[in-house]
Structure formats: C-alpha cells, structure tokens
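Q: sequence first, predicted model second:
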Amino acid sequence: LQFLYFIGDMTLKSAYKGKCKRLNIKPNSRLLSMLPDEESACSELTKLDLSDNIIGPQGALAVLEVVREASKLSMLCLKGNNITSKPMKEVCDVLKGHETIETIDLSQNDIRLAGPELVELVKHNTNIKTLDISETNLRPLFANLISMQLKKNGSKKVNESKTEPKKTEVAEIPQENQLEQPSRDDSKPSTAKSVGFGEAVVAEFGCFDDGEEVSFNKGDTKEDNEDDEGLERYESFTAFGRDNQSSPTKYTPPSTSQTPLKKVAARRPTVCAEAYSEEQIDNFKPVVNKKESAVKDFLLVVLEKNQLFNHLDDYELMIVVDALTEIQRTKGDTIIEQGDEEMDSFYIIGHGEVSLRVDGIEVKTLTRGDTFGDIFLLYPQNSPETVFAEEECTLYAFGRKTFKFILNQASKKKRATYEGILCKVPFLSTLSHLELLQLADALKSSQYNDGDHVINYGEEGKWLHIVLEGTLSVIGRNEDGERIKVCEFTNGACVGELEFLNNHETVADVVASGKVRTAKMNRRHFEMCMGPVIEILRKNADKLEVYSYYRDTLAKIKE
C-alpha cells in the first residue's frame, strides 16, 4: 500500500524524501526548497545547482531520484559536495539514460577512482557537451579521454543539425586570467600544444564510436606569461590536451593587421597580511575557551575537512578548537554586512541556519558544520556579501591574528621535529634542505597502539605513512581470501604510497605491532611535495623482495 501511495503522489519532492527515508539520511533543506510540490511541475525543472552543499556520497544517491524524474533537466551541478568515487557508478548509470542532460559539474569532489565510469558516460550519452572535472584528482589519461569524447559529442550535434560549426565546450580546468584568441583561418594547420603527462601511449579506453585509436604524445604544459606577445596558442582541449592530428609548435606573434590579444579579466589587486616577528610568535599564548567534549569533537571534524586547517596534527587542531569563541545570534541578526571593512574573523556554524546575500539577493544557505569568513584569515579585505541569521544560531569564531600565530608556531615546531628524522629516511636522501622543510610542513603526526589498523584492506587509500617509531605488520589476502602476514616495516619505511602511485584500493591491512608513531600525508600533499622521489618509490616497488606480494596483487588487479 505504501508503494502504491508513493507512485500515485509522485512529485519531485516526495520522490526525494522517499529516497532519503530508504537511505536513512536527512533530506537536504536547500534541495527541498528548489523542488516543486505539484506533480505536473516535474518536467519544468531544467537546472539543479547544489554547488558547495556537502551532500556526501549517500546524499548524491538521493539526488539521483530527482534526476530520474526531472525529464527536462539539462544542467546538474554537484560541485564541492564531498562526493567520493563509491557512488559514481550509480550516478553515471542514471545519467547515461537521461535524454536532456547536457551540462554536468563534478568539480572539487575527490572521485579519482571514477575515471572509467566517466569515460563510459560521455561515450554513451552523446548529449553531454560539458563535464567539469577540475580538482577531482582524476588521472590525466582519463581527463584527456573525457575531453576528446566531449569534442566528438559536440561535433555530432553540429553534423546532425547541419548548422555552422560552433565551439565545443570541454571539461577544462578554470583559469583566473583567460585570454581571447585572435581570429584565424580554420583552413590552416592547428598549432595546438600537447599536454606532457607521459610518453606516447594507446589508452585502454582509447577507442571511440568510429573505432579510431587515440594516442597521446609527450609535450610541454602551458605556462603563465605576463607578456601577451609571448603567449603560446592552445586550441581544442584547453587544459587537457590537443587534437592528435596536429603537431605542437610555438605560437607566432600576430601581425599588426590582426586583432591583438586582450585580457578578459582585470589583474587582481595586490594583497598582503600582517607580518610578525620571531619573538612575537614565540611569546604568543592562545586563549583557551572551555567547551563540552561533544562540541570539541564536532569542531575537530569540521576543521579537519577545511583546507586551511587539514595539514595540522591533532594537538595543533585542539589549540584552534580551544581558541574558538562561542557566539549567539538571534533570528534576523546581521552577522556581517556587505562592504564591512578590514574583516578578520572566521566562523563555524554550530547550530542554526544563515544565508549569504549579495546586493540583497540570497545566493547561498549555510547550516550546521558549514563555515564562512575563510578568506579573512589570509588577509584583510572588505566583505563581499551579507551574512544574515535566518534563525537562532550558535557560531564559533576566531580572528586572523590567532590563526597566523598558531600556524607559525605549528610550522616552526614541526620543522624542528621532523627535519632531523626525515634526513635519515633512505628514500628521502636526495631531497634538498628546502624540500625537506616543505615536506615537514605537510606531515601530520599520528600514534597507534598494539593492534590498531593504520590502513584497512579494500578501502580508498587516503594517507601515506612514514614510520617514525615502532613496527607495522602488513596483512594481505591469499587466493582463498584468508589473511596472511606479508612483511613488516620499521623506522624510516614508507607505507600507503603505492595506492597513490597506481590509483587503486588498498590491498592489505597495515596493523601496529606494539606502540607506533608515524608521520602521515594525504594524497594532495603527496603529489605536491613528493615529486622528486616518486621514481625512487616506483623502483623500490618493482625490485625489492618486500614488495613481491604487492606486485602479484597489482598484476591480478590489472587483469
């Protein structure tokens, strides 16, 4: 009876609420406010913008119920929603069969393992013309394959409608200062420049609808250049690649008869923050505001997800938590006024709901766990928006000065702690003093007791660990799925890096034998800081006997 009632009352809102109930999650208030109540209005929804709403993996599955029912939906934006690779197969399966979807934004979600599914999506649904995958940690190979198929999708639409060719939108990484290209004769050979992500290869997914093989050539990447006449021309695939029929060449500056290059966006004005002396940093003592343990745990979770704080270790994060001041605001209060000068406070919403308004128009709603004022911690500036309390709110805030002192103290302490240890790690011996300091800044200290799992089998690899003290045991699986001890790692060894290098789920448990202390680093910092030693890590994995289990398991994965 429940099922018959649900079908008979199938509105977008009821479909979404029903899916949330089955997934045992709370419906997203922002999405509910966007959905019509009438059944006939299902076909009127053409755009769904949930950017920066942190709906999470389960929330993404619930949103799919709306996508299925919205028969005329053409744009879906899930930017910055903390979506992982796990739900992407179901997301892509639903979007493959959607007849009107043309624009999809998945940027700023860590979906690094969803490359094959996204390639199949744009191959299967040729209506899709734009797929934003910036800041998703996808491998360059899949990014290029997606871009090339999107170009084909655009070309097919042009051919079917027999209209003049139009510029095809492709999955490109947004750039701050995009430039208008000078007019050119399309009959001339392309001067596109290739992306240098490796030697020439024929991709596993490099065969498209017409059966042609796709290859990529080694080349240079685009570099910023302040001189307009020195810019190199990029065509076809923008940030991801080039037409494989063209050869990379240097751009010839336009003659005086051509339209000169001009910048679309003005240069950003110079900004700066306060400078503090070593003595001020050493003598600073942050304020400690007492809080209940449940509140501290909540604030720790929020800060660990924020890019301004996620490099701090647990002790340093606790200093930030203690320094946060609780603030109460009633319904109708203006927390920040648009245009307020020299703003310097960062806020976490502990309870309630606030709205962001620009020129009186509401642009975003924030709830528990959301933050605002992040940019004010970096340098003073006028507020670009008004923050308005929609209901009674509990906020936690602290200022830029406290933030700067805590960061400087943490960096100084971390460098002093790690520099002497890291220089003794064998695979880091080739790094310079400056590179070791940069690496030290990116590390977080963790401690484990006997039997604690440092890495769990069959999960997405999130951390690389360098063993500082103690012993880690690696527990793999045999052909029957039974647990087997593979090897042990002690001081100076590195674990978890192979999942980063080869982009797959973890293939073993890593368990502490006795008390263990490690310095850990997330994938983003690994790619930024470990470039000089990546080849050493690869060679070790290919040659050393201790990695024999890993080599055998990786071979099975590739099969």
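A: Alright, I've got the coordinates. Remember, it's a predicted structure, so these values are computed and weren't measured experimentally.

Q: tell me which residue lies nearest the centroid of this protein.
A: Gln108 (3.7 Å; C-alpha atoms, centre = their mean).

Q: and that residue, what helix or strand is that in?
A: Assigned by DSSP states H and E, Gln108 belongs to neither a helix nor a strand.

Q: so who does it touch?
A: By C-beta atoms under 8 Å, 6 or more residues apart in numbering, Gln108 lies in contact with 52, 79-80, 134-136. For every residue, glycine as well, the C-beta is placed using N, CA and C.

Q: so what pLDDT did Tyr396 get?
A: pLDDT recorded at Tyr396 is 94.

Q: among the contacts of Gln108, who's most crowded?
A: Thr136 (21 neighbours; other C-beta atoms under 10 Å).

Q: now stretch 31-51: buried residues?
A: 31, 35, 42, 45, 48, 50 (16 or more other C-beta atoms under 10 Å).

Q: so which residues of the stretch 401-550 of the chain form helices?
A: Secondary structure of the stretch 401-550 of the chain (DSSP state H, counting those that start in this stretch): helices at 433-442, 497-502, 523-529, 534-543, 548-558.

Q: turn those helices into a markdown table, columns for distance to Lys19.
A: Formatted as a markdown table, the helices of the stretch 401-550 of the chain follow (distance: least, C-beta to C-beta, whole Å):
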| stretch | distance to Lys19 |
| --- | --- |
| helix 433-442 | 39 |
| helix 497-502 | 32 |
| helix 523-529 | 31 |
| helix 534-543 | 42 |
| helix 548-558 | 33 |
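
Q: now do the SS call for Gln328.
A: Assigned with DSSP: H, G, I helix; E, B strand; the rest coil, Gln328 falls in the strand class.

Q: only alpha carbons, please: show stretch 443-462 as PDB.
A: Extracted in PDB, the C-alpha atoms of stretch 443-462 (Å, rounded to 0.1, in the frame of the first residue of the first chain):
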ATOM      1  CA  LEU A 443      53.200  15.900   7.600                       C
ATOM      2  CA  LYS A 444      50.800  15.100  10.500                       C
ATOM      3  CA  SER A 445      51.800  13.100  13.500                       C
ATOM      4  CA  SER A 446      49.800  10.000  14.500                       C
ATOM      5  CA  GLN A 447      50.100   7.500  17.300                       C
ATOM      6  CA  TYR A 448      48.800   3.900  17.300                       C
ATOM      7  CA  ASN A 449      48.500   1.200  20.000                       C
ATOM      8  CA  ASP A 450      49.100  -2.500  19.500                       C
ATOM      9  CA  GLY A 451      46.500  -4.000  17.100                       C
ATOM     10  CA  ASP A 452      45.300  -0.600  15.800                       C
ATOM     11  CA  HIS A 453      44.700  -0.600  12.000                       C
ATOM     12  CA  VAL A 454      46.700   2.100  10.300                       C
ATOM     13  CA  ILE A 455      45.400   1.100   6.800                       C
ATOM     14  CA  ASN A 456      42.300  -1.100   6.200                       C
ATOM     15  CA  TYR A 457      42.100  -3.600   3.400                       C
ATOM     16  CA  GLY A 458      39.800  -2.800   0.400                       C
ATOM     17  CA  GLU A 459      39.400   0.900   1.100                       C
ATOM     18  CA  GLU A 460      40.400   4.000  -0.900                       C
ATOM     19  CA  GLY A 461      43.900   5.000   0.100                       C
ATOM     20  CA  LYS A 462      43.900   8.300   1.900                       C
END
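
Q: turn the buried residues of stretch 31-51 into JSON lines, columns for secondary structure and pLDDT.
A: What follows is those, written out as JSON lines (DSSP: H, G, I helix; E, B strand; the rest coil; pLDDT from 0 to 100):
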{"residue": "Leu31", "secondary structure": "helix", "pLDDT": "85"}
{"residue": "Leu35", "secondary structure": "coil", "pLDDT": "82"}
{"residue": "Cys42", "secondary structure": "helix", "pLDDT": "60"}
{"residue": "Leu45", "secondary structure": "coil", "pLDDT": "82"}
{"residue": "Leu48", "secondary structure": "strand", "pLDDT": "88"}
{"residue": "Leu50", "secondary structure": "coil", "pLDDT": "89"}
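
Q: ok, which pair from those residues is furthest apart?
A: Spanning the widest gap among these are Cys42 and Leu50, at 17.7 Å by C-beta to C-beta.

Q: strands of the stretch 201-350 of the chain, residue ranges please.
A: 201-207, 213-216, 325-329, 334-336, 345-351 (DSSP state E, counting those that start in this stretch).

Q: quick one: buried residues of the shortest one?
A: Pointing back at strand 334-336 there. Those would be 335-336, for strand 334-336 by 16+ other C-beta under 10 Å.

Q: for it, give the mean pLDDT please.
A: Mean predicted confidence for strand 334-336 is 91.

Q: so what strands line up beside it?
A: Here strand 334-336 is paired, per DSSP bridges, with strand 386-389 (antiparallel).
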